[in-house]
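K.L.:
Sequence and computational prediction follow.
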Amino acid sequence: LVVISEENQQQILYSRIYKEYIFRRQQETLILWTDQKNIELALSFQESAGCFEVWNEIAAIQKDLPPSGNITNDDYYDSDFISLPEPTIANLEEIENTINQASRSICSKDHLAQYVISEHYIDKLIPLLEDCEDLDSTEDLYRLSAIMKAIIYLNDNIIYHHILQDDIILGVVGMLERDRDFPNAKASYREYLSDKTRFKHVVSFNNPEIEAKIHQTYRAQYLKDVVLARTIDDPNYSSLNSIIFFNYVAIVNFIQTDKQFLKNLFDILNDKTNSIDKRKQVIMFLHELCSVTKGLQYVYRDIFYKSLTEYGLLSIVEEFAYHEDISIRLALISMLTNMLDHETALVRNYCINQMKKEGKPLIETIIDRFHSDSDSGIRSQYMDILRILLDTSTLDPNEVRKISITTTIQNKPEVDEFLDLFYEKYINLLVKPITDLTEANLRIRRSELYATYEKNSTFFMICELLCFCIKNHSYRCKFFILKSTITEKICLLLKSNEIYIRLSALRYFRACISMKDEFYNKHLIKNSVFKPILQMLTETEKRNNLPNSACLELFVFIRMENIKSLIVHIVSNYREILETFNYVNVFELLIARYEQYQDSSESANNNDTTNKLSTTSTKINDWGKADEEEEAYFNDDDDEDE
């Protein structure tokens, strides 16, 4: 198909027709197709007659064309053999054009990859890099970069493994340091990969093959995430990821099965005479391994984490939880989180065994660091860890395979035992920052609770966890709330000067009410929680903000769910206050519901009184009737005697 401009007679389009092309006609005046470069093309006609004529001509040509197999721009590339010019500086332009042409079909790409491998073509290109740099030939360096990129994007596994070798990788990334799209920039890939200080031997490997895989993995990641990050396509991205994945599998398998290696590793950690830098290197190494295993299959992760637990990883977490180096603390928390994500029971059972013994268990360390760590992000992660440990709503992957679908989480003995011990010994320690609050903490001038940012964030996270426990831990949480002063103290949080703290306290009460359990209802009534809630509503009246809306929603829920005990308590004790909120009809409806209860109660009382009177009257009438019948009976006897 050739399209020529009517204005200057220049060629606008030149596109060969192949039998495999699919031409589509739309709206009577459009012909659409996709060429071999995956570029969508369209011809638009002023009249449908012209469109129909060209359409028929294309159909006739395609009918007579033989199948062409893989489409290329030249029959030369359909052959079984492809060759490239000798790699010299003078031939770089021709090499670039030849590779670009051959890369347009799958078949020719395969032939080209075979040629590059068999002729060791990459090895022959590498010396040209130094020659071009010596000559300061920028255009030739651009051509080398384009050639190397095109060879990499042939997406051949053998080529990838070849370029990742020790003696090849620097030459390859050196060619990719320049790019035509960024003429004023030059990357420093060779300098980065040549820096040997980035590799630290914590413990020597007795397996050179595994050590080589570690280096290869590092280079593959750098190639994928840095060197080719801007232009890499999905197939090549997947190929590099595949190399990285299988290397990870081999590395993890070696480490978890080499008992001597693990022993040497943990000996360094357990020996307190070693420098902190050396022990830190081991922790960072383990952290990187744990990060790697996240992408592996369950079976590999399971063996790996069980091996680390046997050698004392969790005891290391306890020891270094108080270390001043934040990078160490972050690494340990990340490892613990990864282990919990893999199998929560592994950590729960460890904690259970500790709780039954003397000493400070891991769970207490977690709570203590949640309270005291100087970094709010770390404290938040400790709270996430606690939540995972207390979460009974999900199954570990191994449990899914072991038990039937109908089996519930409560049938897992370690969960019940862990929760029993937690509520018996550690829940009070967890909420202590709130239960220690007193009226003395309030500023007298405005009766507001002022606290530091760290304290406020602690209050917030504790309230969120309590909401979670209320909804998930049934009777255990009930008994804790009944025995403690937590509800009374959370009422003080409603007076906080920070809105998000007041909202977190309100969510706690909302969680209690949402259970629709008379235990919680009576408990809230006993602690007069609705007085500070109404005070909070008064302070935000008509502001149409989040605190105001949250308070209103709580009362709407009580009315909609028809929670009688709460409605009676609220209206009977705070009716005058409720009647002042006339900007919404929530409280008008609440009062109406209360009056319905009162009317029903009076009606029920009247019915009870009437029933009692009726019963008494019936009894009297029945006794009168009995007397008459008895008198008639005796009269009848007298008549018979006569």
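P.N.:
Okay, I see it. Numbering: from 1, shown residues only.

K.L.:
pLDDT weak spots in the stretch 251-400 of the chain?
P.N.:
Scanning the stretch 251-400 of the chain for pLDDT under 70 picks out 394-400.

K.L.:
By mean pLDDT, flag the weakest helix or strand of the protein.
P.N.:
Least confident helix or strand, the chain: helix 397-402 with a mean of 44, by mean pLDDT, DSSP states H and E.

K.L.:
Now do the nearest residue to Val584 once chain neighbours are set aside: how many residues are near it, please.
P.N.:
The shortest distance from Val584 to any non-neighbouring residue, by Cβ to Cβ, 6 or more residues apart in numbering, is to Leu552 (6.3 Å). All C-beta atoms are positioned from the backbone trio N, CA, C, and that covers glycine. The number of residues packed near Leu552 is 17, by other Cβ atoms under 10 Å.

K.L.:
what's the one helix or strand Leu552 maps to in contact with?
P.N.:
For Leu552, the host element (DSSP states H and E) is helix 546-560. Outside helix 546-560, the residues that touch it by Cβ atoms under 8 Å, 6 or more residues apart in numbering are 499, 502-503, 506-507, 509-510, 513-514, 533-534, 536-537, 540-542, 566-567, 570, 584, 586-587, 589-590, 593.

K.L.:
elements contacting the host helix or strand of Ala345?
P.N.:
According to DSSP H and E, Ala345 maps onto helix 344-355. Applying 3 or more Cβ pairs under 8 Å, 6 or more residues apart in numbering; DSSP states H and E, one finds that helix 344-355 contacts helix 298-310, helix 326-342, helix 362-372, helix 376-390, helix 413-425.

K.L.:
Does anything pack onto the second one? Which helices or strands?
P.N.:
When you say that, I think you mean helix 326-342. The contact analysis (3+ Cβ pairs under 8 Å, 6+ apart) places helix 326-342 against helix 276-293, helix 298-310, helix 313-320, helix 344-355, helix 376-390.

K.L.:
Redo the ones you listed as a markdown table? Include mean neighbour count and distance to Gly171.
P.N.:
Below are the helices and strands packed on helix 326-342 laid out as a markdown table (neighbours: other Cβ atoms under 10 Å; distance: least, Cβ to Cβ, whole Å):
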| stretch | mean neighbour count | distance to Gly171 |
| --- | --- | --- |
| helix 276-293 | 18 | 28 |
| helix 298-310 | 17 | 34 |
| helix 313-320 | 19 | 41 |
| helix 344-355 | 19 | 46 |
| helix 376-390 | 18 | 42 |
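
K.L.:
Now do the SS call for Thr181.
P.N.:
Check again: residue 181 is Asp, not Thr. Judged by DSSP: H, G, I helix; E, B strand; the rest coil, the three-state class of Asp181 is coil.

K.L.:
Use 376 as the first number from now on
P.N.:
Sure, I'll start numbering at 376, so the last one becomes Asp556.

K.L.:
Tell me, how many residues neighbour it?
P.N.:
Asp556: 8 surrounding residues under other Cβ under 10 Å.

K.L.:
and it, what does it touch?
P.N.:
Applying Cβ under 8 Å, 6+ apart to Asp556 gives no contacts.

K.L.:
Distance of it relative to Lys484?
P.N.:
For Asp556, the distance to Lys484 equals 23 Å [Cβ to Cβ, to the nearest Å].

K.L.:
re earlier: pipe the helices and strands packed on helix 701-717 into JSON lines and attach distance to Leu376 per row.
P.N.:
Formatted as JSON lines, these follow (distance: least, Cβ to Cβ, whole Å):
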{"stretch": "helix 651-668", "distance to Leu376": "53"}
{"stretch": "helix 673-685", "distance to Leu376": "55"}
{"stretch": "helix 688-695", "distance to Leu376": "67"}
{"stretch": "helix 719-730", "distance to Leu376": "64"}
{"stretch": "helix 751-765", "distance to Leu376": "61"}
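
K.L.:
for those helices, which one sits closest to Ile845?
P.N.:
Closest to Ile845 of those is helix 751-765 (Cβ to Cβ; 11.8 Å).

K.L.:
what packs against the closest one?
P.N.:
Helices and strands touching helix 751-765, by 3+ Cβ pairs under 8 Å, 6+ apart, are helix 701-717, helix 719-730, helix 737-747, helix 788-800, helix 828-847.

K.L.:
what about the longest one, average pLDDT?
P.N.:
If I follow you right, that is helix 828-847. For helix 828-847, the mean per-residue pLDDT is 95.

K.L.:
Buried ones in that helix, by neighbour count?
P.N.:
By neighbour count on 16 or more other Cβ atoms under 10 Å, the buried set for helix 828-847 is 829-845, 847.

K.L.:
With the third one instead?
P.N.:
Within helix 737-747, the residues scored as buried using 16+ other Cβ under 10 Å are Leu737, Ile738, Glu739, Thr740, Ile741, Ile742, Asp743, Arg744, Phe745, His746.

K.L.:
ok, now which ones touch the fourth one?
P.N.:
Which is Thr740. Glu693, Ala696.

K.L.:
gap between it and Ile708?
P.N.:
Counting by Cβ to Cβ, the gap from Thr740 to Ile708 is 12 Å.

K.L.:
Over to the last one?
P.N.:
Going from His746 to Ile708 by Cβ to Cβ gives 15 Å.

K.L.:
cool, the first one as well?
P.N.:
Summarising the geometry, the distance separating Leu737 from Ile708, computed by Cβ to Cβ, is 12 Å.

K.L.:
what residues go with each domain of the protein?
P.N.:
If you go by automatic domain parsing, the domain ranges for the chain are 377-439, 452-632, 633-796, 903-1017.
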